[in-house]
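**Q** Return a 3D structure for these sequence lines:
(2 chains)
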Protein chains: 2
Amino acid sequence: MEGVDYLAGERKKAEFDVQAMKVVWAGSQHNLEVSDRISKLVGEDPAAILQLLWLNLGMNFSFQISSFIKSNHFIALFLCGWIYINVFRKDDRTMLPRKELFKQTLRKAAYAWKRIVELRLSEEEASKLRFYVDEPAYTDLHWGMFIPAIKGQGTEEQQQKWLPLAYKMQIIGCYAQTELGHGSNVQGLETTATFDPHTDEFIIHSPTLTSSKWWPGGLGKISTHAVVYARLILDGKDHGVHGFIVQLRSLEDHSPLLGITVGDVGMKFGNGAYNTMDNGVLRFDHVRIPRNQMLMRVSQVTREGKYKQSDVPRQLVYGTMVYVRQKIVADASCYLSRAVCIATRYSAVRRQFGSQNGGPETQVIDYKTQQSRLFPLLASAYAFRFVGEWLEWLYMDVTRRLRNNDFSTLPEAHACTAGLKSLTTSVTADGIEECRKLCGGHGYLCSSGLPELFAVYVPACTYEGDNVVLQLQVARFLMKTVSQLGSGKQPVGTIAYMGRIEHLMQCRCNVQKAEDWLKPDQVLEAFEARAARMSVSVARNLSKFANPEEGFAELSADLVEAAIAHCQLIVVSKFIEKVQQNIVGEGVKQQLEALCGIYYLSLLHKHQGDFLSTSYLTPKQAALANDQLRSLFTKVRILGHYLMCTPFILQALKNPRKL
Amino acid sequence: MEGVDYLAGERKKAEFDVQAMKVVWAGSQHNLEVSDRISKLVGEDPAAILQLLWLNLGMNFSFQISSFIKSNHFIALFLCGWIYINVFRKDDRTMLPRKELFKQTLRKAAYAWKRIVELRLSEEEASKLRFYVDEPAYTDLHWGMFIPAIKGQGTEEQQQKWLPLAYKMQIIGCYAQTELGHGSNVQGLETTATFDPHTDEFIIHSPTLTSSKWWPGGLGKISTHAVVYARLILDGKDHGVHGFIVQLRSLEDHSPLLGITVGDVGMKFGNGAYNTMDNGVLRFDHVRIPRNQMLMRVSQVTREGKYKQSDVPRQLVYGTMVYVRQKIVADASCYLSRAVCIATRYSAVRRQFGSQNGGPETQVIDYKTQQSRLFPLLASAYAFRFVGEWLEWLYMDVTRRLRNNDFSTLPEAHACTAGLKSLTTSVTADGIEECRKLCGGHGYLCSSGLPELFAVYVPACTYEGDNVVLQLQVARFLMKTVSQLGSGKQPVGTIAYMGRIEHLMQCRCNVQKAEDWLKPDQVLEAFEARAARMSVSVARNLSKFANPEEGFAELSADLVEAAIAHCQLIVVSKFIEKVQQNIVGEGVKQQLEALCGIYYLSLLHKHQGDFLSTSYLTPKQAALANDQLRSLFTKVRILGHYLMCTPFILQALKNPRKL
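**A** Alright, predicted model coming up:
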C-alpha cells in the first residue's frame, strides 16, 4: 500500500498483447472502439462539473465557469474538486435512501436520454451508453419490452399509432405479464379481458388477489401505459393469454385512472441494485379499453366478437425468445468479468502470511486455494463471452430461416438458448458471490462493488425463465432426441453428437499422462460421452415408468443434471472452436488455450462423479486431469494473464469520476 | 390464497408429535420453555403500545392509556391499531436510511438492556433475549468480546478495575484486532505498543495505512474503550502481539481523544443486516496509555520495561476458541432453519403448473427438483443442531481437562471445531441463498426476509477464521495424523477412525439394494473410507515434494477437499449417534432417521466423485444411493415433516407484532 502500485508490476509481467486481447474480448475492433468511446463519454461527461457547480452554488453561471475551466483547467479542478461530481456517479448509490436513490435514477435516465438525442447516437451507441450508465431504470422496460412487444405483436396500424408516442417518450410503457401467483406458468395467468360487444370494448379485470400483476419494472411510479397479458374471454369462452395496451395513469396529472390500483412492491435485495427500479403491483377493477388496443398481429377479435387468427407463424415468438436469451448470456459474461476483475486485483494487492525475514507477505493470488476458485471463474467469463458470440450467430441464422418458413432448427436452437441462459446465469450469480468471498472481509463492504453487483445480478436466474424450469425444457428435448435415435432422423447442431451414440456409449478415455488432457478431441469426446451416457441412462430409467409424465416428475433432479452436462458440453465445444481459430496478437492464443483448459478441466474435476459413474474415465485419469489443471493455474498466474479482464469496462463502471 | 390457509392443512398432515420434536430441536424441555417464554417477551413487549402512542400523539398520557387498554382491550387495539408498534419491530428495517436504522438499533439495544435489568433476567435469559431482538449491535462486542477479553487476559487487579465499569455500561468497549491489511494472519498485525520507561507508559501507534484497525463492531460511533492488539516493543525488541485497554473517546462529550482518528467503515452488504452496526476504522498517532493497561494475565512488562511470562498455560486461549466456534456452529443451525422454514412454507403455498381440468396447480413442494434442493438443507439444519450440541459437550470436556492440565485432546478438539465452523457456516451461507432462490422471484423481495438473512449471515464465513484457512488447519492436522500412523500413537476422538486405516483402505462397499443405504454401519464405513483414502492419497502426493511446505502450498486445494470429507464424516456420525439414542414422541425418531438419511445420501450424491475415485463404491451402488435418496424425499414429504422447522423461532423473528 502507501503509494506502491502493485498492479503496475503485475501488468508489466503480462506476456501477451493486451490490446489484441481486448479486441478478442470485444468481438471486433469496431466493438472495442465503440465500447471505449462510450465508456469515456459516460465516465467523463463534460456537463458534470457545470451541473454540480450550479447545484451547489445555487446560481447559473455555467458559461463563465465553462470558459474558466477551459482556460485554466488545473486551477478549476483544484478549486472545484470537492464539488466535482458526474451526473452518472455511482459511488453514493449504496448509501442513498430509497427515495433519493429513485430520484437520482430518474435524473440519470432523463440525462442519458438527453445526451443520446444531443449527440445523435446510433442505436448501437445508445445501447452501450445505457450499459455504462449501469443502473436498472424504467427506460429498460420501455425500450426493451414495451416497444418490442408493440413492434412484434401489434398490427401495422397499431404500430403507427403507438410507436411514435413511445419513441418520443410522450407515453412510457411497461410490460405487465407476471402475476403474484403466476410466473413461469404464463398459461395460468388469471387477469381477464372480456369483450363487451355492446360498447366494442374489453373489460380488463383482476378477479383474485393472486391475479395482481406483480414485478413489472417501471410500473410502480412511472409508466403511463402497459402491455398487459390477460385471458381473452369472448362470449364466455376462454381463448387463452393475449396482450393488450392499457393506459394506467393520466397524461395530465399522472394519477392512476379509474379502476386502476397501482404501487411499488417495496424494497428488493441489496443496497442500490434493483431499488433504483419501481417494480410494481397492479390491480384492475373492470377497466375498459377500446377493442383496437388488443395486440392483433397474430390473433384478432372482430367487431362482432369473433376470434380469428392471421397467417403470421406463431413460431416467431420463439425467435424473440432466442434473441432475449442470447443477450442474457452475453450479459452474464460481462457481469462475471466485472466480479472477477475486482477479485483478481484484490488478490494481487492483498498479502497474508508467508513473510520471510520481515519481507512482504505472500500475495493471496499466489495461493493455490485462491487460484482454484478464481481462475475457473476467469475462464468461465471468457467461455460465456465466446458462447454468447456464437449465440448471436445462431439467432441470425434462426431469423434467416424463419423468414424462409424453415422451422427445422428451431427446437434445437430453443433448447440450446434456454439451457445456456440457465447455465450461464447460475454460474455467474454464484461466481459473483464467490468473488466476493475471495476478497475476504473487504468483499463485504459496499465500496468493493461486489455486494451490489451480486444483488443486481441474481434476478437473471429467475427472469425470462426460471433456471430449473429451463433445464427441464432442455431435458425434455434431450429425451425426445434419445427416443428418436435409430429412427433415421439425424440430430443436428449442438445435439449432433447424439448421432454417434454407439461410439459414445462404448468408448473409453485414452488419457495416459496429464498433458493428454490438452488434446481438444480427447476433451470433446469426454464431455460428449458423459452427456450422452447421462441422457441415455435417465431415458432408460424413465422407460420403467408406465406413465411417462410421472417418471419425468420423479426423475426430474436427474434430468436437470443430464441437461446441465449437455449445456456444459456446448460451452466447452464453442470455447475449443474459438481457440482453434486464427487469433492475432502475440501470446493471445496461448493464453486463451490455457483458459480454455482451465474451463473444461475445472468442470471435469467438479463433476468427476459423472465421468466416473458413466465409466468413461478411470480414477487415475481423473487424477491426471486434476494435475493438468494445477499446472494451468501456474501457467496463467506466471504469464500474468489474469489482470486483463476488461479493465476498460471496469474503469467506467466502478469509477466514473476521473480527475 | 384469498383466506385459504394452505399451511393449516399441511400441518394437520404431520404424522409425528410436534411438541416432542420441538424439545428435540431445543435440546431439552428447559431450553424450549426459556426460548418460548423469551420469544414471547420480545414479540409481545407490553411497553410497545404506550411508547408509540406517546411518540405519535406527542404527550405523555401513558398511565391513562394503560388502564384504558386493560379495561377495554379490543376497543383500544381498534383505536390504536395504526400506531401499534413494538419497540423491537423489524419489519421496517430494510427500508430505513442508514442513520435512522442505526438510531433505531441504539434505541433497541438500550431498551433491551432496560428490560433485562427490570425483569432481572438470568444470563441465559438475557442472551436469549438478545438473540430474539436479532439485530447486530455494539452490545454484541461489548458483552461478547470486550468483557471476555478482560476476563480472560486481564489480571485480578485489572478485572476489578474495569469489569464493574463495563458491567454497568459506564464504559463501552470493542475489540480492535483486525487491521486493514491483516485479518487471518494475526501475527502480522502492524500496530505498535512501545514502552516508554521515562513515563511508565505505552505509546500506541499506527505506523502504516495498512495498520489502521478496520472492522471492529461498535468502534465507529459508540465505543469509549477498546481492547487493542498491538506489537509489544520493549527497548527496540518486538515481543509479538499483545492486548491493551485503550480509551478512545471522552467520557464527558464522547469526542475522540488526542491522537485518535476514528470513524465508520461505510455501508455493508444488504438492506438492514450489519448496517445496524458501526464497524469502524481507527488510527493511533502516538497515543499514550499507562503501563497497567496492558492485559497482563499471561505476560507482563515490569516498571523497568522487562518482559515476563506467568505460568498461566497459553493453551487456555484455545479453550476460548473452541467455545466461540461451537457457538458459531449452533448459530449456523438457527440461521439455516430460519431460511428453510421460509422456503418450505413458500413451497407449500406456491403453486405452479400441473392444473388438471381447471383445478388448483401443483404445490411446488411436490416437485422433485424443489425437494432435492430444499430437503437436504432441512436435514442439514438438524445435522448442525446435533453436531452443535455435541460440540457443547466437547467444550465442557476440554475445559475440564485444561483445568487438570491435560492438553492431550486439545489438537483434535481444535481441528474439529475449526473444521466444523468452516463447514457449517459455508453450507449455511450458500443454503440461505439457495432458499432465497427456491422462493423464485418472491425471494428477491426484502419482505420475504431472506435477503437480509443472507446478508447478515455471510460474514460468519470470514470472522473467527476464514473458512478456507480453517480447513487448511484441519488438513495439517490430518496430514500429521497420517504421518504418525504406525508409530504406536493411537488417534483419538473424531479422528479415531484413522486407527483402522488398513481396513478402511481395502474395504469395499457391500450395498446390494437401495435399502442397504439405510444401515448406519454401512454409511459410516463409506464416509470413513472416503475421508481416510482422500487423506492418505494427498499425503502420498505430498511426500513427492522435497520441500513439504512447497508441497502443502501446491496441493492446498486437494488438502481442503480432504479436510471437508473429514468434517462431513464428523457431522454424519454425530447425526447417526443422535438418532440411535432413545428419542421420545410418536414418530419423531422415524422422522429424524429419514432426515439423517437425506443428509448423508445427498452428500454422497453430491460428492460421488470422491467415493468413486477412491474405488470404495461402484457406479451401480452410487445409483442405488440416489434411488434411496429419492424415496426419502417422498417419505419426508408425505409425512408432512417439513413444516416443523422451529416455527416458534420464526414467529418471533419474522413477525414480532401479534395483534
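**Q** Give me the below-cutoff pLDDT ranges for the stretch 1-150 of chain A.
**A** Applying pLDDT under 70 to the stretch 1-150 of chain A flags the ranges A:1-4, A:46-85.
**Q** of all of it, which residue lies closest to chain B?
**A** The nearest approach of the stretch 1-150 of chain A to chain B comes at A:Pro97, 3.8 Å away (CB to the nearest CB). Placement of C-beta: from N, CA and C, glycine included.
**Q** Find the nearest non-adjacent residue to that residue, please.
**A** Closest residue to A:Pro97 apart from its sequence neighbours, by CB to CB, 6 or more residues apart in numbering or on different chains: B:Pro97 at 3.8 Å.
**Q** do A:Lys635 as well
**A** A:Lys635 sits nearest to A:Ala594 (CB to CB, 6+ apart), 5.1 Å away.
**Q** Provide the secondary structure category for that neighbour.
**A** The three-state label for A:Ala594, taken from DSSP: H, G, I helix; E, B strand; the rest coil, comes out as helix.
**Q** Same check on A:Arg231?
**A** Here A:Arg231 is recorded as strand under three-state DSSP.
**Q** That one pairs with what?
**A** Beta-bridge pairing of A:Arg231 under DSSP bridges involves A:Thr192, A:Val241.
**Q** OK, contacts around the closest residue to A:Arg637 other than its chain neighbours?
**A** Leaving aside its sequence neighbours, A:Arg637 sits nearest to A:Gln371 (CB to CB, 6+ apart; 6.3 Å). Shown in contact with A:Gln371 (CB atoms under 8 Å, 6 or more residues apart in numbering or on different chains): A:365, A:633, A:636-637, B:557.
**Q** neighbours around the residue nearest to A:Pro97, how many?
**A** With neighbours defined by other CB atoms under 10 Å in any protein chain shown, the count for B:Pro97 comes to 16.
**Q** Confirm for me that A:Asp285 is in contact with A:Leu257.
**A** No: contact criterion CB atoms under 8 Å: A:Asp285 and A:Leu257 do not qualify, at 10.7 Å.
**Q** Overlap of the contact sets of these two?
**A** With CB under 8 Å, 6+ apart as the test, A:Asp285 and A:Leu257 reach no residue in common.
**Q** Any stretches of chain A with poor pLDDT?
**A** For chain A, the ranges with pLDDT under 70 are A:1-4, A:46-85, A:640-659.
**Q** just checking, next helix/strand downstream of the helix ranked longest in chain A?
**A** In chain A, taking DSSP state H as the definition, the longest helix is helix A:368-403. From helix A:368-403 onward toward the C-terminus, using DSSP states H and E, the following helix or strand is helix A:410-438.
**Q** List of residues touching whichever helix or strand comes after that following helix?
**A** Downstream of helix A:410-438, the first helix or strand assigned by DSSP H and E is helix A:450-457. Contact with helix A:450-457 is made by A:93-94, A:136, A:268-274, A:335, A:338-339, A:342-343, A:428-429, A:432-433, A:435-436, A:439, A:443-446, B:268-270, B:451, B:455, as judged by CB under 8 Å, 6+ apart.
**Q** Next, the angle from helix A:450-457 to helix A:410-438.
**A** Calculated by axes from the mean of the first three to the mean of the last three CA atoms, to 10 degrees, helix A:450-457 forms an angle of 160 degrees with helix A:410-438.
**Q** how much space between the residue nearest to A:Arg637 and B:Tyr463?
**A** Distance, A:Gln371 to B:Tyr463, by CB to CB, to the nearest Å: 24 Å.
**Q** for A:Lys40, same thing?
**A** With CB to CB as the criterion, A:Lys40 and B:Tyr463 are 40 Å apart.
**Q** SS state for A:Leu282?
**A** strand.
**Q** What sits closest to it if chain neighbours are left out?
**A** Setting aside the residues directly before and after it, A:Leu282 is nearest to A:Lys213 in space (CB to CB, 6+ apart), at 4.0 Å.
**Q** contacting residues for that neighbour?
**A** Counting by CB under 8 Å, 6+ apart, A:Lys213 touches A:176-180, A:191, A:206, A:219, A:226, A:228, A:280-283.
**Q** Now it: phi and psi?
**A** phi -70, psi 140 (degrees, to the nearest 10).
**Q** What residues are recorded as beta-bridge partners of it?
**A** According to DSSP bridges, beta-bridge pairing links A:Lys213 with A:Glu179, A:Leu282.
**Q** Near chain B, which residues of the stretch 551-659 of chain A are found?
**A** A:553-558, A:560, A:607-615, A:619, A:622-623, A:626, A:630 (CB under 8 Å from any CB of the partner chain).
**Q** In ChimeraX, select just the buried ones from the residues you listed.
**A** Here is the ChimeraX command that selects the buried residues among these (16 or more other CB atoms under 10 Å in any protein chain shown):
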select /A:553,554,555,556,557,558,560,607,608,609,610,611,612,613,614,622,623,626,630
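**Q** per the record, what domains does chain A have?
**A** Segmentation of chain A into domains, based on the TED database, reads A:87-135, A:141-312, A:319-485+A:518-639.
**Q** Pick the most deeply packed of these.
**A** Mean neighbour counts were taken over the domains of chain A using mean count of other CB atoms under 10 Å in any protein chain shown, and the top value, a mean of 21, falls to domain A:319-485+A:518-639.
**Q** tell me how far the ends of that one are from each other?
**A** Using CA to CA, to the nearest Å, the end-to-end distance of domain A:319-485+A:518-639 comes to 42 Å.
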